[in-house]
Each structure stands twice: as C-alpha cells, then as structure tokens.
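*Asks:* Model the structure of this input:
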Amino acid sequence: MNPQHMYKFITSICFLFVFVGVTAQQSKDSIPKDSIVYKTNYGLRVGIDISKPIRAMLQDNYSGLELVGDYRISKNWYAAAEIGTEEFTTKEDFTNSTSKGNYIRLGLNYNSYKNWLDMNNEIIIGFRYGFATFEQTLNSYQINTGNTVFPSDIITTPISEDGLTAHWSEIQIGYRAEVYDNLFITFTGSYKVMVSITDPANFKTHYAPGFNRVYASNTGFGFNYTISYLIPFRKK
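*Replies:* The predicted structure follows:
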C-alpha cells in the first residue's frame, strides 16, 4: 500500500471514531434525566409511652405517665426528650418503700437505617442524660435480728424524705416504623448507669423515677413502647 492510500485509510478511521463518539454522546445527552427529587419531612414528633399505663394495669404497686418528643435536625440526627412521672412501691424482705417523683431525659438519636424512597423507618441508637426529683417514703420496716422463731416487730410508722435527686446516663437501641402517614410506633431498650443519687437518712433508694430499679451496681434497664405523630414543618 502506497503512502497516499495509507494516509487516506488512517484519516478515514479517525473520522469514523470521531463520528461514533459524537453520535454516542448526543444519544446519551438526549436521554431525559430524572428530575424528581424525593424529600422527607422535618418537624416535631410527639407521643406517649403506652407501656406505662399497661404496666399500671398489671401492677397495683405502680403508676406512671411518660410523654416523648423529638425534632429532626439533619438527615440522620434527632434531638430527643422524654418527660414523665412515676410512683412505685418496692417490697423487700424487711422493708416496704415508695418512690414518687418526676423526671426528664434529654439527648440525641441517630438513625442508622437507610430507607427506600418514601420510607421513614429508623434503627435508633440514642444517648440520654437523665435527671429526677423525687420523694422516698419508708412505709414499714422490720429489724433483721436473725431470729426466725421470735422475729422483731414490724414498724408501720411511715418515714418520708423529699428533695431527693438522681442523675444518670443511658444508651438506647430500638426500632421505629411509620405505620401510617406521619404516625409511628417505636420499641426501645435502654441500659442505664447511675451517676449520682441522694438517699434518705439510714435508707437505700431502691427505685428512682425514670431510671427504674436501682441495683447495687448502680446500673439498670428500661423498655419503652411509644406511639407518636410527626407534625411536619418542612420538607428537605
């Protein structure tokens, strides 16, 4: 093949590649792009923990009410709070006491669940700081003398002390599902660590509102089952 024919051949190949490339780019540009932007609701979600009235129906020594709320501050983060009141009577071998008071828990929730389009479910990882003010009443007590044949008398004169406080931290893990438009149900479990608590004189606090039973290790557990409604302020 002489040089002139070789030059024409190479030139033709180059033009062919250029033509194919331009045509492919034009075909790609002609495909309509998806212009739909999916937005989710941002707003205030408020609700009630229905596990507490259920517990009150099943236990005659308990009563309580808790309101819950959270506000979405970014795609996966929520500022959250719970506020409530509880009264619980603890029955031990030698003592009978009642704790009654109010509490608040403040903190953040992180949603680790990646939703499909138009879904608003959550796998919750949360942290809370809890604070309670309460009074403790020693309803009755019996001195443990170790004598089972002739036990000591049971003292039934109540002894009360108010102005008691408790501070704790807790980690929450749970799941939240949107069962209807802006209506949610949530299951959470929590592990709590007591930071500080004031006890009545000569008596150990067995129960702190919002914290639940106080064990010797100063740790505790909790469970919540809530129904809440989202009041949307904007979409983003």
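
*Asks:* For the rest of this, base every contact and every neighbour count on C-alpha atoms.
*Replies:* Noted.

*Asks:* Could you list the low-pLDDT ranges of this structure?
*Replies:* The chain contains residues with pLDDT under 70 at 1-38, 117-118, 144-153.

*Asks:* again, only using 90
*Replies:* Along the chain, the parts satisfying pLDDT under 90 run over 1-42, 75, 91-96, 114-120, 139-160, 200-206, 215-216, 232-236.

*Asks:* can you pull out the strands in it?
*Replies:* With strands called from DSSP state E, the chain shows them at 41-49, 62-72, 77-91, 95-111, 122-142, 154-155, 159-180, 183-197, 207-208, 212-213, 219-235.

*Asks:* Give me the angle between the longest one and strand 122-142.
*Replies:* In other words, strand 159-180. Counting by axes from the mean of the first three to the mean of the last three CA atoms, to 10 degrees, strand 159-180 lies at 160 degrees to strand 122-142.

*Asks:* now strand 159-180, how far from the centre of its chain.
*Replies:* With CA atoms, centre = their mean, to the nearest Å as the basis, strand 159-180 stands 10 Å off its chain's centre.

*Asks:* Use 729 as the first number for this chain going forward.
*Replies:* Understood, numbering begins at 729; the last thing we discussed is strand 887-908.

*Asks:* Buried residues, stretch 953-964. List them.
*Replies:* The neighbour-count check on stretch 953-964 (16 or more other CA atoms under 10 Å) flags 953-958 as buried.

*Asks:* next one: it to chain centre, how far?
*Replies:* Taking CA atoms, centre = their mean, the mean C-alpha location of stretch 953-964 is offset from the chain mean by 14 Å.

*Asks:* Stretch 843-853 now?
*Replies:* 14 Å.

*Asks:* can I get the strands of the chain in CSV with distance to Arg783?
*Replies:* Below are those laid out as CSV (distance: least, CA to CA, whole Å):
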stretch, distance to Arg783
strand 769-777, 11
strand 790-800, 7
strand 805-819, 11
strand 823-839, 16
strand 850-870, 20
strand 882-883, 29
strand 887-908, 20
strand 911-925, 15
strand 935-936, 16
strand 940-941, 13
strand 947-963, 11
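
*Asks:* Please identify the deepest-packed of these.
*Replies:* Highest mean neighbour count of the strands of the chain: strand 935-936, a mean of 26 (counted as mean count of other CA atoms under 10 Å).

*Asks:* What strands line up against it, and which way round?
*Replies:* strand 940-941 (antiparallel) (DSSP bridges).

*Asks:* Could you tell me how far the strand it pairs with lies from the centre of the chain?
*Replies:* Worked out by CA atoms, centre = their mean, strand 940-941 lies 18 Å from the chain centre.

*Asks:* And for stretch 951-960?
*Replies:* Worked out by CA atoms, centre = their mean, stretch 951-960 lies 10 Å from the chain centre.
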